[in-house]
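Trainee: the sequence and its predicted three-dimensional model are supplied below.
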Amino acid sequence: MNASLPADQATQRVSARRLLATLGGAGALAGALLVFAFQATQPTILANKARELAGAIGEVLRDPARWDTLYVVEGALRRDLPAGTDARGLERVYLGYDGDGRRVGFAVETGAPGFQDRIGLIFGYDPATGRLLGMKVLQSSETPGLGDKIYKDSSFVNQFGRVAVPLRGVKHGAGRGDSTAVDMITGATISSRAVIRAVNDALARLRPLLDGYREGS
């Protein structure tokens, strides 16, 4: 025969159960609120990202009249996807045109590990000249005052509007006469090299597709 618990122990057990139930209920409510907030804000977040990307494409392609989205599918660039293909996981590039319908170049999103974290960027490339048209950093957590110069220092950024590929990072002033040379930022060589590596790696993969792309592919 079980003896009854003392009144103080019974009260403690009931209080513990109430506390667990309260915490559980609060956790479930917090989780539900997080899900609701995510679902409510996701369309706005995606719309903002789309606007930022559109602005970046326009910047690195020097304000094209329009551009088309192309997908990398089985080693080829395609404007139209096969039926049933999920575009969400495919790499994309953007082909820009001027007002007369002539190509101005391709915009390519890419990235590479920097000093702090991954650096995400987009650059414009002109197959006709083998040169870049521009570069814009889209994502960076590099050190303020040093690594963040990869997007704050206009003298560094502007180099990507005229340089030939593949790029070669050099100390400031050491690349005079070299069309592929990019002056790296003093004190931020890791971040500078990450930008250069991101561009070179992307073009090592994609340049044959970009150079050989024909309309209607």
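Mentor: Structure's in. What do you need?

Trainee: mind giving me the packing neighbours of the longest strand along the chain?
Mentor: As assigned by DSSP state E, the longest strand anywhere in the chain is strand 103-113. Judged by 3 or more Cβ pairs under 8 Å, 6 or more residues apart in numbering; DSSP states H and E, the packing partners of strand 103-113 are helix 7-60, strand 92-97, strand 118-126, strand 131-139, helix 189-212. Bear in mind the C-beta positions are built from the backbone N, C-alpha and C, glycine included.

Trainee: and the helix or strand bottoming out on mean pLDDT in the chain, what does it pack onto?
Mentor: One helix or strand of the chain scores below all others by mean pLDDT, DSSP states H and E: helix 7-60, with a mean of 79. Helix 7-60 sits against strand 103-113, strand 118-126, strand 131-139, with contacts defined as 3+ Cβ pairs under 8 Å, 6+ apart.

Trainee: now the angle between strand 103-113 and it, please.
Mentor: 150 degrees (axes from the mean of the first three to the mean of the last three Cα atoms, to 10 degrees).

Trainee: C-terminal to helix 7-60, what's the next element?
Mentor: strand 66-73 (DSSP states H and E).

Trainee: buried sites along stretch 161-171?
Mentor: Within stretch 161-171, the residues that qualify as buried are Val163, Val165, Leu167, Arg168, Gly169, Val170, counting by 16 or more other Cβ atoms under 10 Å.

Trainee: can you check stretch 91-104 too?
Mentor: Here stretch 91-104 shows Val93, Tyr94, Leu95, Gly96, Tyr97, Arg103, Val104 as buried, counting by 16+ other Cβ under 10 Å.

Trainee: what does it contact?
Mentor: Residues from elsewhere that reach stretch 91-104 (Cβ atoms under 8 Å, 6 or more residues apart in numbering): 57, 61-62, 64-72, 77, 105-109, 124, 126, 128, 133, 206, 210, 213.

Trainee: so how do I select the buried members of those in PyMOL?
Mentor: The PyMOL command for the buried members of the contacts of stretch 91-104 (criterion: 16+ other Cβ under 10 Å) is given here:
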select buried, resi 57+61+64+67+70+71+77+105+106+107+108+109+124+126+133+206+210+213
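
Trainee: give me the residue at the spatial middle of this protein.
Mentor: Centroid-nearest residue in the chain, with Cα atoms, centre = their mean: Gly120, separated by 4.0 Å.

Trainee: once you drop chain neighbours, what's closest to it?
Mentor: Distance criterion Cβ to Cβ, 6 or more residues apart in numbering; nearest residue to Gly120, sequence neighbours excluded, is Gln139 at 3.4 Å.

Trainee: distance to Ala21, secondary structure and pLDDT added to the buried residues of stretch 161-171, as a markdown table?
Mentor: A markdown table is the format used below for those (distance: Cβ to Cβ, whole Å; DSSP: H, G, I helix; E, B strand; the rest coil; pLDDT from 0 to 100):
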| residue | distance to Ala21 | secondary structure | pLDDT |
| --- | --- | --- | --- |
| Val163 | 65 | coil | 97 |
| Val165 | 64 | coil | 98 |
| Leu167 | 62 | coil | 98 |
| Arg168 | 65 | strand | 97 |
| Gly169 | 61 | strand | 97 |
| Val170 | 66 | strand | 96 |
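
Trainee: remind me which residues of this protein are low pLDDT?
Mentor: 1-14, 38, 42-43, 46, 216-217 (pLDDT under 70).

Trainee: rerun at 80
Mentor: 1-17, 33, 36-47, 215-217 (pLDDT under 80).
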